[in-house]
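Trainee: Next comes the sequence, and after it the predicted model I'd like to discuss.
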Amino acid sequence: MLRLTQTKTISPLRAAIGSIRTMASVPETQKGVIFYENGGKLEYKDIPVPVPKPNEILINVKYSGVCHTDLHAWKGDWPLATKLPLVGGHEGAGVVVGMGSNVKGWKIGDLAGIKWLNGSCMSCELCEQGFESNCAHADLSGYTHDGSFQQYATADAVQAAQIPKGTDLAEVSPILCAGVTVYKALKSANLKAGDWVAISGAAGGLGSLAVQYAKAMGYRVLGIDGGADKGKLVKELGGEVFIDFTKSKDMVADIQEATNGGPHGVINVSVSEGAINASTQYVRPTGTVVLVGLPAGAVIKSEVFSHVVKSINIKGSYVGNRADTREAIDFFVNGKVKSPIHVVGLSELPSVYELMEQGKILGRYVVDTSK
Ligand code: 8ID
Ligand code: ZN
Ligand code: ZN
């Protein structure tokens, strides 16, 4: 049971920082998965509980989704350095158990979510216009800021996601990155009800939610992925057509035929440069290709002649802002999208990464931080 707010100084460090409100039950150490170098051992062990800064809340993370981004971060796939050592994870759902002295709008016991965008400067032109994820000073959970693969994590109180009371924390966790990201990407595609949207990578963590958000937004969904079990999942989630990239002899022709001239929008959530490039060919004239998946070193090539004559658009989409987060959570809370999850213990994270690397995951794995 949650106890009422009380001010307690737990260690000399916390005393030095000043008035931090915490629950009496917050321990000094906790279990987490930490690595010391990219691609190095993923160690499940006792680590210190972080101390919230004046602007931060301290969250007792109950569950965290495992995003392919966490695998990229561990491997060091991207041209952006991670913090080291690092605790990964950015789909953390839990309970507020402490907060710094400047925090407003949160109470001990509230449900809160840790997102990829842990915090941003909130004063630059991009932040001012709601493009907080594009802020040059963005602080990233599980990348530049220790994330949700631990029992207690800190998050900027302004950016942390508010999760309604009574929400299932295991199921809501993938919404905090995968859900927000695909919802925003779908909005960026400028579609209208009845339009076709292709989801490339449709049975993975982002894809399985993209299929459902697209359906809930009134679009016709064509899912692309590999294997019969992935096709079955896509159909169960509301996909009208499934194209199996391991079987199709001519993806471009098959997709254009199934959608009577090509999808009006494509959401690329696969981790495949080839699949991303193909989308510039099968998209419908005047349609929009949205780039979301981030395979290491990938480059998109679009033939200039057809790009111009078909007048297609190619745009990147990067997580979502606070409004996108609130809206994406609303869809979930109102039952418009479901989380296709498999729950395992946090200590099993390395085996989840192995399955993910092999492309064997259907939907999303979620780790239970108590195991
Ligand atoms: O804000 C962003 N842009 C953002 C946010 C979150 C995640 C970007 N991402 C990125 C991740 O870093 C990763 O690169 O999106 C990508 C997908 O993340 P995920 O959904 O968490 O990955 P997954 O669960 O492994 O799913 C990938 C799916 O792609 C399929 C796989 O079978 C799997 O189902 N796939 C592959 I790999 N090759 C394919 C191909 N050629 C393919 N599907 C269709 N065609
Ligand atoms: Zn993610
Ligand atoms: Zn900023």
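Mentor: Thanks, I have the structure now. Ligands and ions are numbered 1, 2, ... in the order given.
Trainee: who in this structure is up against ligand 1?
Mentor: 67-69, 72, 177, 181, 200-201, 203-207, 224-226, 245, 269-272, 274-275, 292-294, 317-319, 356, 359, 361 (Cβ under 6 Å from any ligand atom). C-beta here means a position set from N, CA and C on the backbone, and glycine is covered the same way.
Trainee: Narrow the residues you listed to those in helices?
Mentor: Among the residues of the chain next to ligand 1, DSSP state H puts 68-69, 72, 181, 205-207, 274-275, 356 in helices.
Trainee: Put the buried members of the residues you listed into a PyMOL selection.
Mentor: Applying 16 or more other Cβ atoms under 10 Å to those, the buried members can be selected in PyMOL as follows:
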select buried, resi 68+69+72+181+205+206+207+275+356
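Trainee: related to what we said a few turns ago, restrict the residues of the chain next to ligand 1 to contacts with ligand 2.
Mentor: Among the residues of the chain next to ligand 1, the residues that sit close to ligand 2 (Cβ under 5 Å from the ion) are 67, 69, 177.
Trainee: Tell me which residues touch the second one, please.
Mentor: Same thing as residue 69. 90, 116, 142-143, 177, 294 (Cβ atoms under 8 Å, 6 or more residues apart in numbering).
Trainee: how about a cut-off of 10 Å?
Mentor: Contact analysis of residue 69 by Cβ atoms under 10 Å, 6 or more residues apart in numbering lists 77-78, 88-91, 116, 140, 142-143, 177-178, 181, 205-206, 293-294, 319.
Trainee: Show me which residues of the stretch 151-300 of the chain sit near ligand 2.
Mentor: Counting by Cβ under 5 Å from the ion, the stretch 151-300 of the chain comes close to ligand 2 at residue 177.
Trainee: distance of the residue in the stretch 151-300 of the chain positioned nearest to ligand 1 from ligand 3?
Mentor: Of all residues in the stretch 151-300 of the chain, residue 204 sits closest to ligand 1, at 1.9 Å by Cβ to the nearest ligand atom. From residue 204 over to ligand 3 the distance is 30 Å, taken as Cβ to the ion, to the nearest Å.
Trainee: do residue 203 as well
Mentor: From residue 203 to ligand 3 the distance is 35 Å (Cβ to the ion).
Trainee: How many residues are close by that residue?
Mentor: Applying other Cβ atoms under 10 Å, we find 28 other residues in the vicinity of residue 203.
Trainee: The nearest residue to it once chain neighbours are set aside in helix, strand or coil?
Mentor: Once flanking residues are discounted, residue 203 sits nearest to residue 230: 3.6 Å by Cβ to Cβ, 6 or more residues apart in numbering. Classification of residue 230 using DSSP: H, G, I helix; E, B strand; the rest coil returns helix.
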